[in-house]
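Asks: After the sequence you'll find the predicted model.
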Amino acid sequence: MLYVLRHGRTDWNDEHKLQGRTDIPLNDTGRTMAVNAGELYKNVHFDICFCSPLIRARETAEILLKGRNVPIVFDDRLLEMSFGEFEGVKDSFGLEGCPINVIFKNPEKYTESIGGAETFEELEKRTGEFLREKALPLHEEGKSVLIVGHGAMNSSIVSQIKKLPREEFWSAGIENCKLMKLL
């Protein structure tokens with residue numbers, strides 16, 4: 001099996017700020033979400049968990065898997081998509097003409113970096129490499145693999161597994177602390 005799970009809530013999620021690579025911890029709601037997810041998914045077997053090294057994903061994985069003998073392996077290729085100079089921007093959709101919104105509203109039109117933000121090609125290259133080198137070989141061996149990460153990073157993995165066109169990049173609707181089975 002191959003699963004993805006997005007980290008729990010953070011203050012920046014609640015404030016509608018773009019997080020990207022900014023290392024924001026879970027808030028109390030996010031920690032409670034992770035505890036609840038741990039209980040909800042306690043009977044789902046995982047042989048290994050690969051995780052983004054950002055604190056919100058690390059905390060989620062550690063809380064979710066507490067008391068279980070599941071190794072957590074951190075991999076930089078699972079970092080969230082960088083939003084460059086737009087990280088920390090609040091309510092970008094409410095800012096008329098905010099250039100970063102193209103990533104979310106028309107992903108197929110986002111072909112060149114804006115303000116130092118990572119491109120979809122860069123994101124897909126590193127997450128695709130991770131899938132080919134780590135997750136898929138273990139899955140093919142019959143192992144149950146959990147990936148704990150972020151909205152855009154997980155969407156990249158989902159898009160590649162499901163072979164979705166760029167227009168449908170966000171179609172998976174990855175919710176905080178909800179387990180999604182891919183394979």
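Replies: Happy to help now that I have it. Residues are numbered from 1 along each chain as shown.
Asks: Do you know the pLDDT at the most centrally placed residue in the chain?
Replies: Centroid-nearest residue in the chain: H150, 1.9 Å away (criterion: CA atoms, centre = their mean). The model reports H150 with a pLDDT of 98.
Asks: What sits closest to it if chain neighbours are left out?
Replies: In space, and not counting its chain neighbours, H150 is closest to E80: 3.7 Å by CB to CB, 6 or more residues apart in numbering. C-betas here are computed from N, CA, C, even on glycine.
Asks: Let me know whether that neighbour touches I24 as I believe.
Replies: No. Using CB atoms under 8 Å, E80 is not in contact with I24; the gap is 10.1 Å.
Asks: which one in the protein is furthest away from the centre?
Replies: In the chain, by CA atoms, centre = their mean, E96 is the one farthest from centre (26.7 Å).
Asks: does that residue belong to a helix or a strand, and which?
Replies: Under the criterion DSSP states H and E, no helix or strand holds E96.
Asks: on that earlier part again, who touches the residue nearest to the centre of the chain in this structure?
Replies: For H150, the contact set (CB atoms under 8 Å, 6 or more residues apart in numbering) comprises R6, H7, Q19, S52, L54, R56, A57, L78, L79, E80, M81.
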